[in-house]
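Student: whatever this is, show me its structure:
(one chain, ligands or ions: 1)
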Amino acid sequence: MLVSQILKSKGSEGVVTVQPGLTVAQAAEVLSQKKIGALVISKDGKTLHGIVSERDVVREIGRRGPDCLKDSIDSIMTAKVVTCARDDQTDAVLQKMTDGRFRHIPVVDGALLVGLISIGDVVKARLSELAMEKEALEGMIKGF
Ligand code: AMP
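Tutor: A predicted model of the protein is given here:
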């Protein structure tokens, strides 16, 4: 299965991005309001500046306490973002996520952001693929 198929099944909702310089508290508010686990940080909504996930926020609160909520997200984000392309195979993307120990990956076209998929999206797509394969195999065994 291709990344583009997952993006299509997710519909037309864009990626939630936030501006560099937002505070950690503001980022936590957006994560909570949008019910998502990661935010792409971008000045123009297209060019990647970094990624911040709920794990970064929790790590900093655990390390420094609530003082970190006033800091800029730039100080806790991951600047070296691993990305994938629309025509990448989802198995390869899952491998990248497993190797890098992260659950979110922006999809880019060249250097521009076109989507974001989570490990949950990949698992959901893989499960429906397995269900279709099972049905096809059962049909073959039963002689249909
Ligand atoms: P996550 O599992 O996605 O909550 O993220 C775990 C850690 O990996 C956090 O420090 C994130 O900032 C970082 N991270 C998340 N997604 C990516 C990505 N695509 N590339 C690089 N780092 C990431």
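
Student: quick one: the spatially most central residue of the chain from His49, how far?
Tutor: Nearest residue to the geometric centre of the chain (CA atoms, centre = their mean): His104, 2.6 Å. Between His104 and His49 the distance is 15 Å, computed by CB to CB, to the nearest Å. Where you see a C-beta, it was placed from the backbone N, CA and C, and this is true even at glycine.

Student: and what of Ser72?
Tutor: From Ser72 to His49 the distance is 12 Å (CB to CB).

Student: what do those two both touch?
Tutor: Common neighbours of Ser72 and His49, using CB atoms under 8 Å, 6 or more residues apart in numbering, are Pro20.

Student: tell me which of those two has more neighbours.
Tutor: His49 (19 against 14; other CB atoms under 10 Å).

Student: tell me the pLDDT of that one.
Tutor: pLDDT recorded at His49 is 97.

Student: the one 3 residues further on too?
Tutor: The predicted structure scores Val52 at 98 on the pLDDT scale.

Student: same check, this time on the one 10 residues further on
Tutor: Here the pLDDT value assigned to Gly62 is 97.

Student: assign a three-state SS to it, would you?
Tutor: helix (DSSP: H, G, I helix; E, B strand; the rest coil).

Student: tell me who's in contact with the closest residue to Val24 other than its chain neighbours.
Tutor: Using CB to CB, 6 or more residues apart in numbering and skipping the chain neighbours, the partner closest in space to Val24 is Leu69 (5.0 Å). Going by CB under 8 Å, 6+ apart, Leu69 touches 23-25, 28, 61.
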